[in-house]
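Engineer: what shape does this take:
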Amino acid sequence: MAEYEACALGIQEAIDFNVKLLKVYGDSAFVIHQLKGEWETRDHKLVPYQAYIKKLIEFFDDISFHHILREENQMADTLATLASMVQLSPHGDFPYIEFRCHGKPAHCCLIEEEKDGKPWYFDIKRYIEEKEYPQEASNNDKRTLRRLAAGFFLSGNILYKRNRDMVLLRCADAERLSKCW
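Structural biologist: Below is the predicted model:
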């Protein structure tokens with residue numbers, strides 16, 4: 001029901017802006033295939049939603065529905081996260097959101113050069129190799145270093161960062177790529 005409601009709200013907004021040609025992209029295969037007429041809508045709770053969207057479709061010269069995989073739908077996930085954080089005014093006003101594209105992830109712009117000339121991963125690598133902490137490390141720093149080190153893998157002299165999908169990224173390559181992964 002939430003997926004249908006989100007779809008209906010998006011289509012209503014397009015109608016409010018007098019859009020006549022619309023491509024609807026959604027990561028719910030269930031909703032997209034039902035709206036395309038490829039799948040039957042059997043759940044009696046969903047039938048009114050589908051009927052409502054079918055009425056909205058009449059406002060467009062052309063409308064099409066396209067399924068995209070959830071993992072390819074990062075923008076929708078980001079917008080959903082933002083939407084869950086926004087409080088609407090009693091007047092129903094929507095806050096203005098501005099998007100800017102950067103050539104590299106924004107956190108890369110905040111990374112400063114290391115003052116000691118050592119790479120950013122030096123302490124992690126040294127801890128994995130020798131179980132040795134930096135001299136000035138507090139107990140909290142040591143605990144943080146142990147937690148960080150768990151996300152890395154050392155093979156020979158090469159340090160790799162483990163991603164969630166278990167892909168390994170070589171840290172020296174990451175340094176070359178503006179210290180980002």
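Engineer: just the pLDDT at the residue nearest the centre of the chain, thanks.
Structural biologist: Nearest to the geometric centre of the chain sits Q74, at 3.9 Å (Cα atoms, centre = their mean). Q74 carries a pLDDT value of 77.
Engineer: before we move on, what about the one 3 residues further on?
Structural biologist: The score at D77 is 70. That number is its pLDDT.
Engineer: would you mind finding the longest helix in the protein?
Structural biologist: Taking DSSP state H as the criterion, the chain has its longest helix at helix 2-16.
Engineer: which strands or helices does the helix or strand following that one pack on?
Structural biologist: Moving toward the C-terminus from helix 2-16, the next helix or strand (DSSP states H and E) is strand 21-26. Secondary-structure packing of strand 21-26 (3 or more Cβ pairs under 8 Å, 6 or more residues apart in numbering; DSSP states H and E): helix 2-16, helix 29-35, strand 62-67. Every residue, glycine included, has its C-beta placed from N, CA and C.
Engineer: comparing the ones you listed, which comes out most buried?
Structural biologist: helix 29-35 (a mean of 20; mean count of other Cβ atoms under 10 Å).
Engineer: from the chain's centroid, how far away is that one?
Structural biologist: Here the centre of helix 29-35 is set off from its chain's centre by 22 Å, with Cα atoms, centre = their mean, to the nearest Å.
Engineer: from the contact counts, what lies against it?
Structural biologist: Under the contact criterion of 3+ Cβ pairs under 8 Å, 6+ apart, helix 29-35 touches helix 2-16, strand 21-26, helix 47-57, strand 62-67.
Engineer: nearest to E38, of the ones you listed?
Structural biologist: E38 lies closest, by Cβ to Cβ, to one member of the helices and strands packed on helix 29-35: strand 62-67, at 9.5 Å.
Engineer: give me the sheet partners of that closest one and which way each runs.
Structural biologist: Using DSSP bridges, the strands paired with strand 62-67 are strand 21-26 (parallel).
Engineer: how about the strand it pairs with: buried residues?
Structural biologist: For strand 21-26, burial by neighbour count (16 or more other Cβ atoms under 10 Å) applies to L22, V24, G26.
Engineer: quick revisit: so the longest helix of the chain versus strand 62-67, what angle?
Structural biologist: 150 degrees (axes from the mean of the first three to the mean of the last three Cα atoms, to 10 degrees).
Engineer: domain map for the protein?
Structural biologist: Following automatic domain parsing, the chain resolves into domains at 2-85, 106-176.
Engineer: these: lowest mean pLDDT?
Structural biologist: The minimum mean pLDDT among the domains of the chain belongs to domain 106-176 (a mean of 77).
Engineer: can I take it that E38 is in a strand?
Structural biologist: No - read with DSSP: H, G, I helix; E, B strand; the rest coil, E38 is coil and lies in no strand.
Engineer: sounds good, over and out.
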